[in-house]
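In: Just the structure for this:
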Amino acid sequence: MKKIKKIWHRVLLFASIGVLSVVAGVAFNSVQAADIEKIHFLIPGGAGGGWDGTARGTGEALTKSGLVKHASYENMSGGGGGKAIGYMIETAQRQQGTLMVNSTPIVVRSITKVFPYSFRDLTPVAGIIADSAVFAVNKDSKFQSWTEVVAAFKDSPRKVTVGGGSVPGDLDHIAAALAMQAAGGNPKKVRYIPYDAGGKAMAGLLTGEIKVLSTGFGEALELAKNGQIRILAITAETRSKDAPEVPTLKELGYDMTFANWRGFFGPPGLSDDHVNKYLSVMEKMYDTSAWETVRSRRGWSNQYVPGSQFTAFLEKQEKAISGMLKELGFLK
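Out: Numbering: from 1, shown residues only. Below you'll find the predicted structure:
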C-alpha cells in the first residue's frame with residue numbers, strides 16, 4: 001500500500017459505436033490571419049467521453065480565439081482506442097494535419113496488451129490538462145456520502161456495482177480500486193462494469209444499471225450542476241473551485257489522490273515544424289478567455305507538458321503504472 005502511494009504521488013497521472021464524423025466550421029472573426037488554417041481532431045472513442053470533450057473543447061477554444069481558422073472532428077471507436085491509433089499509423093502520410101487526443105489509457109492499454117501499439121508509434125505533441133476522478137451516483141441513490149458507499153462495499157462488494165467508460169483494469173477501474181483500497185477494502189473485489197466511453201457509462205448510471213460511476217470530473221460536472229447526478233467525492237488534492245461542495249477523498253480520511261492527463265499526438269514521422277506550430281497555438285490558447293470558458297465548464301486543471309518533456313513524462317509514467325498494476329493484481 002505504501003509503495004502504491006509513493007508511486008502515485010511521485011508521478012501525476014494527468015490521466016468510445018462505429019465511426020462518426022462531424023465537421024465543425026467555426027466563424028472566424030479575427031482581423032489577423034490564423035496561426036494555423038485547419039486542425040482535424042481524431043477521437044479514439046465515442047461521443048460524450050473525456051477524449052471527445054477534450055478534443056472538441058480544445059477545438060472550440062482555438063477557433064473562437066482566432067488561433068486556428070477551422071477545426072473538424074472524427075470519432076473512431078474500437079479496440080480500446082487501438083483502432084484509431086492503427087489508423088493514424090497506417091495512413092500517416094495523409095494525417096499531417098491531424099491530432100489524436102489521448103490520455104493515460106494509451107499507456108495502460110499498451111502495458112496490458114489491449115492493443116499492440118504504444119505512444120512511441122506516434123508523435124507525442126503535448127499534454128494539456130489534468131482531470132481528477134470523481135465518484136458519482138444517481139440523484140435518487142440511497143447513498144448520500146462516499147462513506148456510505150465504502151461501508152456498503154465492505155459489507156457486500158458484489159452489491160456495489162461501479163461503472164466506467166473504459167475496459168476492466170483501465171483508468172476508471174483503477175481509480176475505484178485505489179479508492180476502495182485506501183478505505184481498507186480489497187481492490188480486487190470491486191465489481192466493475194465497463195462501458196464504451198463515458199457517455200454510455202453515464203447513461204448506465206442514470207438508468208440504474210450501476211450504483212456508482214467512476215469517471216473524470218469534467219464528464220460529470222455539467223450533469224451534477226443540472227441536478228441529474230450527485231458527485232460524492234473527488235480525487236484531487238484540494239476541493240475544486242468549480243464544485244466547491246464536493247469533498248476530496250483525503251479530507252474524508254482516505255489517503256488517495258488521482259488525476260488523468262489528456263493531450264495530443266500526431267502521426268508517426270510528423271515534422272518538427274508541424275509540432276512547433278501546434279505547440280505555439282496551444283501555448284497561446286491558455287491565455288485566451290475562450291479557453292478559460294471551456295476549462296471552467298469542464299472543471300479541468302491546466303497542465304501544459306510540451307514536446308520532448310511530454311515524451312519523457314510518458315516514459316516515466318509507463319514504469320510507474322507497470323508497478324502499480326502489479327501491486328493491484330491487474331498485471332502479472
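In: so who does the most centrally placed residue in the chain touch?
Out: Centrality entry for the chain: nearest residue to the mean C-alpha point is residue 50, 4.8 Å, by Cα atoms, centre = their mean. Residue 50 makes contacts with 103, 131, 165, 198, 215, 216, 218, 219, 260, 262, as judged by Cβ atoms under 8 Å, 6 or more residues apart in numbering. Using the backbone N, CA and C atoms, a C-beta is placed for each residue, glycine as well.
In: Now, the residues you listed that are in strands?
Out: 103, 131, 215, 216, 260, 262 (DSSP state E).
In: which one is the third one nearest to, not counting chain neighbours?
Out: By that I understand residue 215. residue 198 (5.5 Å; Cβ to Cβ, 6 or more residues apart in numbering).
In: Surely the one you found and residue 165 touch.
Out: Yes: contact criterion Cβ atoms under 8 Å: residue 198 and residue 165 qualify, at 3.6 Å.
In: intersection of neighbour lists for these two?
Out: With Cβ under 8 Å, 6+ apart, residue 198 and residue 165 have common neighbours 49, 50, 215, 219.
In: biggest separation within the residues you listed, which pair?
Out: Farthest-apart pair in the shared contacts of residue 198 and residue 165 is 49 and 215; separation 8.8 Å (Cβ to Cβ).
In: Neighbour count: those two, which is higher?
Out: residue 215 (31 against 28; other Cβ atoms under 10 Å).
In: which residues touch the more buried one?
Out: Per Cβ under 8 Å, 6+ apart, neighbours of residue 215: 50, 133, 134, 136, 164, 165, 172, 198, 201, 202.
In: same deal with residue 158?
Out: Residue 158 touches residue 191, counting by Cβ under 8 Å, 6+ apart.
In: Ok, the one 4 residues further on next?
Out: Residue 162 makes contact with 173, 176, 190, 191, 192, 193, 210, 211, 212, 213, 214 under the criterion Cβ under 8 Å, 6+ apart.
In: mind running it again at 7 Å?
Out: 176, 190, 191, 192, 193, 210, 212, 214 (Cβ atoms under 7 Å, 6 or more residues apart in numbering).
In: next one: residue 43
Out: 51, 52, 55, 73, 74, 75, 76, 101.
In: Give the burial count for the closest residue to residue 111 other than its chain neighbours, as a bare number.
Out: Nearest residue to residue 111, sequence neighbours excluded (Cβ to Cβ, 6+ apart): residue 322, at 5.6 Å. When neighbours are defined as other Cβ under 10 Å, residue 322 has 16 of them.
In: For residue 322, which three-state class applies?
Out: helix (DSSP: H, G, I helix; E, B strand; the rest coil).
In: for residue 72, same thing?
Out: strand.
In: Please apply the same query to the one 3 residues further on.
Out: With three-state DSSP as the basis, residue 75 sits in strand.
In: Just put the shared contacts of residue 198 and residue 165 in TSV and tack on distance to residue 42 and pLDDT.
Out: Listed next are these as TSV, based on distance: Cβ to Cβ, whole Å; pLDDT from 0 to 100:
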residue	distance to residue 42	pLDDT
49	14	80
50	15	85
215	22	91
219	19	84
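In: Out of those, flag the one nearest to residue 249.
Out: residue 215 (14.8 Å).
In: Quick check: the gap between that closest one and residue 80.
Out: 17 Å (Cβ to Cβ, to the nearest Å).
In: again with residue 268
Out: 20 Å.
In: Tell me which entries of the contacts of residue 162 lie within strands.
Out: 191, 192, 193, 212, 214.
In: returning to what we had before: please list all residues in contact with the residue nearest to residue 215.
Out: Contacts of residue 198 by Cβ under 7 Å, 6+ apart are 48, 49, 50, 165, 215, 216, 219.
In: Widest-spaced pair of the residues you listed?
Out: Top of the distance list for the contacts of residue 198 (Cβ to Cβ): 48 and 216, 11.5 Å.
In: Give me the more crowded residue out of those two.
Out: residue 216 (32 against 19).
In: Show me the beta-bridge partners of that one.
Out: Note on residue 216: beta-bridge partners by DSSP bridges are residue 133.
In: Is it in contact with residue 259, as I believe?
Out: No: using Cβ atoms under 7 Å, residue 216 is not in contact with residue 259; the gap is 9.2 Å.
In: Between these two, which contacts overlap?
Out: residue 131.
In: how near is residue 112 to residue 311?
Out: 21 Å.
In: which of the two has more neighbours?
Out: It is residue 112, of residue 112 and residue 311, that has more neighbours when counted by other Cβ under 10 Å, with 19 against 16.
In: separation between the more buried one and residue 286?
Out: 33 Å.
In: same check, this time on residue 221
Out: Residue 221 is 20 Å from residue 286, by Cβ to Cβ.
In: circling back to that earlier point, for the shared contacts of residue 198 and residue 165, which one is nearest residue 36?
Out: residue 50 (23.9 Å).
In: how about the nearest residue to that closest one, chain neighbours excluded?
Out: residue 216 (4.6 Å).
In: Show the model's pLDDT score for the one you found.
Out: Residue 216 is assigned a pLDDT of 87 by the prediction.
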